[in-house]
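Chemist: Predicted model, plus sequence, below.
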Amino acid sequence: MNRIKTVFAALICAFAITSCSNDKLNGEWKLVELLNTPVGECFNEPFLKIEDGRYNGNTGVNFINGEIETCPFKKCVEFEDGPCTRMAADPQSMAFERSFLEALDEVEEYVLDGDTLYLNDDHGNVLMKLVRKQQ
């Protein structure tokens, strides 16, 4: 009987671990709107690439990366801080980057609508709108 309980517990743990990854988010996403404002000219193209529980991308100036956590049964998501390059650019680009990083820190949930990814705060307000880059 104890052996059955152990096997059952192992299966539940395996399900919980694998269900935390969200393959639907995997891919490269171009940022097209930040805080309800269309993205204009940037020093570099802002994007996020998500793969296997990690992300990397560009804020418009610097490269970022870190870990991403999703919930198995809800559409919650969290971008963990990671290393970031420290290049400087014009004041407008630097202000855009600050807004990008602050918004990314506030992301609590995602909504996936075809090839459009919305990253929202904890009240459902859209912080970022991204579109999947075609390979």
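Modeler: Yes, it's here.

Chemist: Going by secondary structure, the closest residue to residue 42 other than its chain neighbours is in what exactly?
Modeler: Excluding its sequence neighbours, the residue lying closest to residue 42 (Cβ to Cβ, 6 or more residues apart in numbering) is residue 60, at 3.8 Å. Using the backbone N, CA and C atoms, a C-beta is placed for each residue, glycine as well. Using DSSP states H and E, residue 60 sits within no helix or strand.

Chemist: give the contact list for residue 60.
Modeler: Applying Cβ atoms under 8 Å, 6 or more residues apart in numbering to residue 60 gives the contacts 39, 42, 43, 44, 45, 46, 89, 93, 96, 97, 100.

Chemist: Show the buried residues in those.
Modeler: Buried members of the contacts of residue 60, scored by 16 or more other Cβ atoms under 10 Å, are 39, 42, 43, 44, 46, 89, 93, 96, 97, 100.

Chemist: Just put those residues in a markdown table and tack on pLDDT.
Modeler: Converted to a markdown table, these look like this (pLDDT from 0 to 100):
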| residue | pLDDT |
| --- | --- |
| 39 | 93 |
| 42 | 75 |
| 43 | 77 |
| 44 | 85 |
| 46 | 96 |
| 89 | 93 |
| 93 | 93 |
| 96 | 95 |
| 97 | 96 |
| 100 | 96 |
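
Chemist: which pair in those residues spans the largest distance?
Modeler: The most widely separated members of those are 39 and 89, with 14.9 Å between them, by Cβ to Cβ.

Chemist: Thank you kindly, that will do.
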